[in-house]
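Colleague: give me a model of this one.
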Amino acid sequence: MLHYLPEGTELTAKRFRDWGNLRYALRSVESYADWINHVFIVTNGQVPSWLNTGYHKVSIVKHSDIFRNLSHLPTFNAQAIETHIHRIPGLSKSFLYMNDDFFFAQTVELEDFYSKETGFKIRFGAERVPEYIDKCNKLTEHLDDIEVVGTQCDNSDCEWDGQKCITAKQSTIALASRYGSFFGSLFYTSLTYYRAFGHAQRGVPAHAPYIIDIDVMNALQDRFSEEWERTSKNRFRDPICFQYSFAYYHFLIHSQQQNMCQGAGAQPIATNLYHYTDYAYFATGNSTKLEKVLTSFLRKKNKKFVCLNDHMGNKYSDAEIARNGDVIAKFFQEYFPERSKFEIN
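Modeller: Purely as a prediction, here's the structure:
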């Protein structure tokens, strides 16, 4: 991996740390979503030692099975891998996508993700991604606590560059590069959509499972082929990548708006959910606080979808990381004590 690492790039341990979530995510599928036909686990060929590879409902998919351009491999970038998951051989036309830090905490049904009456159900958080509005004036939206203010244009040919006349594409890349890989990729995708579709209040999707339609994803990647190609070839996380769920959800929304403008399609493509109560998000960090919220959740068990995300960067001590690991292991063992068929007996 270090052979491919760009000079000056710092590796973040949380991108490679394993809390054992996958085992319990699969237990949650068996316990609460037995209508799921098959589970495809995408790895670089690694197989967990505990996984029952003889079970007919699970398959390991290697990166080389789905990447179109094998020169983009090896990759250590989840954004690049996501770009190709709809190419898994044998995948249903519509499939449920989960990261390994998701799990189901109650019974879930297909209608929690999609119905004919609502179309795809899109769960958004409170965050909005900033974008340039009124051509070159300024960015007026907030992303977490960051306010970004743009510069005035030098002339009408330079859409938002206040220093020298460069292309809008170059300006988009320069702006997104100011931020980290996650927020930068949101910003980059939002600016690209602003140029393609115009101004909109584009929210950040909740970090939760959702359904992908292969035909929609193919149309999205055909429309923005250059951006997806750039995302695919980035071996490590980078601000200049399309953010997968954000790009997909807002493409669905644009498609629905386009259909409405054309007077076509009475059946909705998507429904936006902002005030949902079926989702919880927990993050590692302070082990005492984490233990408190997870213990409370064990008593309540009042959500369907849960994300237990790793927020521990390189500043955390080995001792604190170990304490977080102990808290997580205890929580999962209490919530999902029974071994699933996905595991070796």
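
Colleague: okay, now the domains of this protein?
Modeller: For the chain, automatic domain parsing gives the domain ranges 14-128+202-335, 132-185.

Colleague: Serialize those domains to JSON lines and add fields for distance to Thr192 and mean pLDDT.
Modeller: Heads up, the C-betas are built off the backbone N, CA and C, glycines and all. Shown next, in JSON lines, are the domains of the chain (distance: least, Cβ to Cβ, whole Å; pLDDT from 0 to 100):
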{"stretch": "domain 14-128+202-335", "distance to Thr192": "6", "mean pLDDT": "93"}
{"stretch": "domain 132-185", "distance to Thr192": "7", "mean pLDDT": "50"}
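
Colleague: any idea which of those domains is most buried?
Modeller: Greatest average neighbour count among these goes to domain 14-128+202-335 (a mean of 16), per mean count of other Cβ atoms under 10 Å.

Colleague: remind me, longest strand of the chain?
Modeller: Criterion DSSP state E: the longest strand present in the chain is strand 119-128.

Colleague: partner strands of that strand and their direction?
Modeller: Neighbouring strands of strand 119-128 in its sheet, by DSSP bridges, are strand 114-115 (antiparallel), strand 203-205 (antiparallel), strand 270-273 (parallel).

Colleague: just how off-centre is that strand within its chain?
Modeller: Relative to its chain's centre, strand 119-128 lies at 12 Å (Cα atoms, centre = their mean, to the nearest Å).

Colleague: who's in contact with it?
Modeller: Strand 119-128 has contacts (Cβ atoms under 8 Å, 6 or more residues apart in numbering) with 112-115, 141-144, 201-206, 208, 210-211, 213, 249, 252-253, 256, 267-274, 276, 279.

Colleague: check stretch 320-338 too.
Modeller: The contact list for stretch 320-338, computed with Cβ under 8 Å, 6+ apart, reads 17, 19-21, 23-24, 27-28, 31, 103, 105, 284-285, 287, 290-291, 294-295, 298, 308, 312.

Colleague: okay, and which of those map to helices?
Modeller: Residues of these located in helices (DSSP state H): Asn21, Arg23, Tyr24, Arg27, Ser28, Ser31, Ser287, Leu290, Glu291, Leu294, Thr295, Leu298.
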